[in-house]
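1. Following is a predicted model, sequence given first.
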Amino acid sequence: MTFSERLKKIREQKGLTQEQLAQRCGISRRMIQKYESGVARPRFDASEKIASALEMPVSELLGESGALVAQAAERYGSRGAKQAEELMSEVTGLFAGGEMAEEDMDVMMRAITEAYWIAKEKNRKYTPKRYTEQG
C-alpha cells in the first residue's frame, strides 16, 4: 500500500474529511489532496504533523519504505527522495520477484549492507569534523 492510499484509508477510518485533517495538522487542504492523490509526498516534519493529528505513530502512517523516503526528502530534497524511492522499489522487486534463490538473496543483502558500510567509512574521511558527531 502506498503512502497516499494509507493516508486516505486512515483518514476515512477516523471519520475525517480532508478539510478537518488539514485543520488538525496545520497543513492546507490542497496539500492533503496532493498527498492523497500521490502528486506530492510530505516532508518528514509534515508527516509528523499528520500522524499526530491522526493520533498514530509516524512510522505506522509512512510504513517502513515511506519513512526512508521522507527522511531522504528531509535531508536531500526531492531528488534524494526520488532516489530513495527508486532504490526501495528496485530492492523490493528484486527480493519479491521470486526468481532469485534464497541463498542468492542473502548474498545480495550482505553485499548491499557491506557497500553501505564501505561508503559510510569512505564519506567519513572526506566529511569535515564539524559535521560529524565525533567532531
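-> Yes, it's here. Nothing here was measured: the structure is a model prediction, and the numbers come from that model.
2. low-confidence ranges in the protein?
-> 64-65, 94-95, 97-100, 124-135 (pLDDT under 70).
3. Pull the residues that contact stretch 70-78.
-> Outside of stretch 70-78, the residues within contact range by CB atoms under 8 Å, 6 or more residues apart in numbering are R41, P42, R43, F44, D45, S47, L62, G80, A81, Q83, A84. C-beta here means a position set from N, CA and C on the backbone, and glycine is covered the same way.
4. should've said stretch 25-34
-> L7, Q18, E19, L21, A22, A40, P42, A46, K49, I50, S52, A53.
5. Repeat the analysis, applying 6 Å as the threshold.
-> The list of residues contacting stretch 25-34 from outside it, by CB atoms under 6 Å, 6 or more residues apart in numbering, reads Q18, E19, L21, A22, A40, A46, K49, I50, A53.
6. mind checking how far the lengthiest helix in the chain is from the chain centre?
-> Counting residues, the longest helix found in the chain (DSSP state H) is helix 58-96. Offset of helix 58-96 from its chain centre (CA atoms, centre = their mean, to the nearest Å): 4 Å.
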